[in-house]
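> this is a predicted model, with the sequence first.
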Amino acid sequence: MIGFNKPYLTGNETKYITDAVASGKISGNGKYTQMCQNFFKNQYGFGKCLLTTSCTDALEMAAILIDIQPDDEVIMPSYTFVSTANAFVLRGAKIIFADSNPRNPNIDTSKIESLVTSRTKAIIPVHYAGIACDMDSIMDIAARYNLFVIEDAAQAVDSFYTGKDGKKKALGSIGHLAAFSFHETKNIISGEGGMLVVNDLQFADRAEIIWEKGTNRAAFFRGEVDKYGWVDIGSSFLPSEVIAAFLWAQIECLDEIQNKRKQIWNQYYNGFKNRSNNFKLPEIPAYATNNAHMFYLVFDSLEKRTACLDRLKSNGVNAVFHYLSLHKSSFYTLKYLGNDLPMSDLYSDTLLRLPMYYELSENDIKFILDAVKNE
Ligand SMILES: *Cc1c(COP(=O)(O)O)cnc(C)c1O
């Protein structure tokens, strides 16, 4: 059996967790939390970084920060995880779904502007498979209509975008806010975990308050205020030091993890590229880098994808499809009044993800390549 995902442990996780526990400070915002946050800030040019218990939580914080009110509208792809939408629905927003583009499942930026109304508050690009959306176009529309951009960078750690100005920017450093995930299915992990990135520093102080249950506790412990109390809405968004210690062990091995994942990705790609396939290989736009979060194939029909999934399953390989268009979900379909989104539906029907994890061996990949090919 070859599973779809296997969480990779670097070996130092329990050592750092033991250290965190021994220090007597195991709630949040301690030494390991600071180390992780400083790493991301310095490595990727992010604004303020706050670890969260999940990317879902980071998105919920973002929705609070931009002050989403009932009936505000946010534009996002339909081909995404439920959390992207849920975070805004929880605050009463109306989700305006945009189609994916024909090249890859990212939002089709040519479809965004016609969806903007006087109620639109934000655009939420999702960097699918860690591959950048066309951020220049998105930031340009946002600037012209005075909208916030919140990057769902859940899959996009250590991936980059090069804009028209020729500058290479880390995904998560471009929008006003960004959300990352360290769920065990992502490149670096802490079981459950995430991070909010605040690039627009007008949100920095309030982000910290929302993070600490609506109190100014963080400022109090820095000695900036002489008592702390309830100053805003908020929740328990910060993870314990146990989680941060785990994440630190992963961060220390980030380069090694990324190199290995890219090797695996390239073995897949090279194994398929010179054949005539009944599927398309992932396409990486010139402005984007590949962080090897995912290896996917796009078939030309649902039937062909089903046949391939079945064939892999009978060979003991667990490949999986991915999102079902959110505008057709049982929760949202009656609330959705927009157009058909044919590309989103197409990816729902035809995209297949192959196993992708650090410990996948060259022989495993050879076996998977053959199993896909044997039609
Ligand atoms: C994984 C993922 C999330 C949710 O991340 P959690 O940390 O599990 O909350 C949100 N959006 C996208 C695009 C994801 O891939």
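It's in.
> please, where are all the helices along this protein?
Secondary structure of the chain (DSSP state H): helices at 13-22, 31-44, 55-65, 82-89, 135-145, 204-211, 217-221, 241-252, 254-273, 302-314, 342-350, 362-373.
> what packs against the fifth one?
Taking 3 or more C-beta pairs under 8 Å, 6 or more residues apart in numbering; DSSP states H and E as contact, the helices and strands that helix 135-145 lies on are strand 120-123, strand 148-152. Any C-beta I mention is one placed from the backbone N, CA and C, and that applies to glycine too.
> kindly recompute the last result at 6 Å.
Other elements packing on helix 135-145 under the criterion 3 or more C-beta pairs under 6 Å, 6 or more residues apart in numbering; DSSP states H and E are absent; no helix or strand qualifies.
> what of the fourth one?
Using 3+ C-beta pairs under 6 Å, 6+ apart as the contact definition, the elements that helix 82-89 packs against are helix 55-65.
> which of the helices of the chain has the lowest average pLDDT?
Mean pLDDT is lowest for helix 217-221 out of the helices of the chain, coming in at a mean of 90.
> off-centre distance for that one?
Its chain's average C-alpha position is 29 Å from that of helix 217-221, according to C-alpha atoms, centre = their mean, to the nearest Å.
> where's the closest residue to G214 other than its chain neighbours relative to N363, distance?
In this structure, G214 finds its nearest non-sequential neighbour in G234, 3.1 Å apart by C-beta to C-beta, 6 or more residues apart in numbering. Going from G234 to N363 by C-beta to C-beta, to the nearest Å gives 50 Å.
> more neighbours, those two?
Set side by side, G234 and N363 show more neighbours around G234, with 20 against 8, by other C-beta atoms under 10 Å.
> could you measure from that one over to N29?
As for G234, its distance to N29 is 14 Å (criterion: C-beta to C-beta).
> dump the residue contacts of N104.
For N104, the contacting residues are E283, by C-beta atoms under 6 Å, 6 or more residues apart in numbering.
> and if you look at the one 5 residues further on?
For T109, the contacting residues are D134, S137, I138, by C-beta under 6 Å, 6+ apart.
> nearest residue to the second one in space, please, no chain neighbours.
What it means is S137. For S137, ignoring the flanking residues on the chain, the nearest one in space by C-beta to C-beta, 6+ apart is T109 at 3.9 Å.
> tell me the pLDDT at the one you found?
pLDDT for T109: 98.
> A249 versus that one, what's the distance?
Between T109 and A249 the computed distance is 38 Å (C-beta to C-beta).
> give me the neighbour count for the closest residue to K260 other than its chain neighbours.
Nearest non-adjacent residue to K260, counting by C-beta to C-beta, 6+ apart: Y358, 5.3 Å away. By other C-beta under 10 Å, the residues close to Y358 number 18.
> distance check, Y358 against A371.
When distances are taken as C-beta to C-beta, Y358 and A371 turn out to be 21 Å apart.
> rewinding a little: list residues touching both of G234 and N29?
Residues touching both G234 and N29 (C-beta under 6 Å, 6+ apart): none.
> how's this protein carved up into domains?
If the domains of the chain are taken from automatic domain parsing, they occupy 13-252, 254-371, with pieces of a single domain joined by a plus sign.
> what's the closest of these to the ligand?
Ranking those by distance to the ligand, with C-beta to the nearest ligand atom as the measure, places domain 13-252 first at 3.2 Å.
> ends of the closest one, what's the gap?
End-to-end distance for domain 13-252, by C-alpha to C-alpha, to the nearest Å: 10 Å.
> that domain vs the ligand: in contact?
Yes - remark: domain 13-252 sits within contact range of the ligand at 54-56, 80-81, 83-84, 126, 152, 154-155, 181, 183, 194, by C-beta under 6 Å from any ligand atom.
> need those in a markdown table (columns: distance to K167).
Below are the residues of domain 13-252 next to the ligand laid out as a markdown table (distance: C-beta to C-beta, whole Å):
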| residue | distance to K167 |
| --- | --- |
| S54 | 31 |
| C55 | 26 |
| T56 | 31 |
| T80 | 27 |
| F81 | 29 |
| S83 | 30 |
| T84 | 27 |
| V126 | 22 |
| D152 | 22 |
| A154 | 24 |
| Q155 | 22 |
| S181 | 26 |
| H183 | 30 |
| G194 | 26 |
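> and which of the residues you listed is nearest to H293?
Taking C-beta to C-beta as the measure, H293 lies nearest Q155 of the residues of domain 13-252 next to the ligand, at 4.5 Å.
> which residues touch that closest one?
With contacts taken as C-beta under 6 Å, 6+ apart, Q155 has the following neighbours: G130, H293.
> do the one 5 residues further on as well
Contacts for F160 (C-beta under 6 Å, 6+ apart) come out as K168, A170, T289.
> so how far is H127 from the nearest residue to it once chain neighbours are set aside?
On the basis of C-beta to C-beta, 6+ apart, the spatially nearest residue to F160 that is not a chain neighbour turns out to be T289, at 4.4 Å. With distances defined as C-beta to C-beta, the gap from T289 to H127 amounts to 11 Å.
> neighbour-wise, which of the two wins?
Neighbour count, other C-beta under 10 Å: between T289 and H127, H127 has more, with 26 against 20.
> and the more buried one, what pLDDT?
For H127, the pLDDT comes out at 98.
> the nearest residue to G229 once chain neighbours are set aside bridge partners, please.
With C-beta to C-beta, 6+ apart as the measure, T215 is the residue that lies nearest to G229, at 6.3 Å, once sequence neighbours are left out. Applying DSSP bridges to T215 gives these bridge partners: W230.
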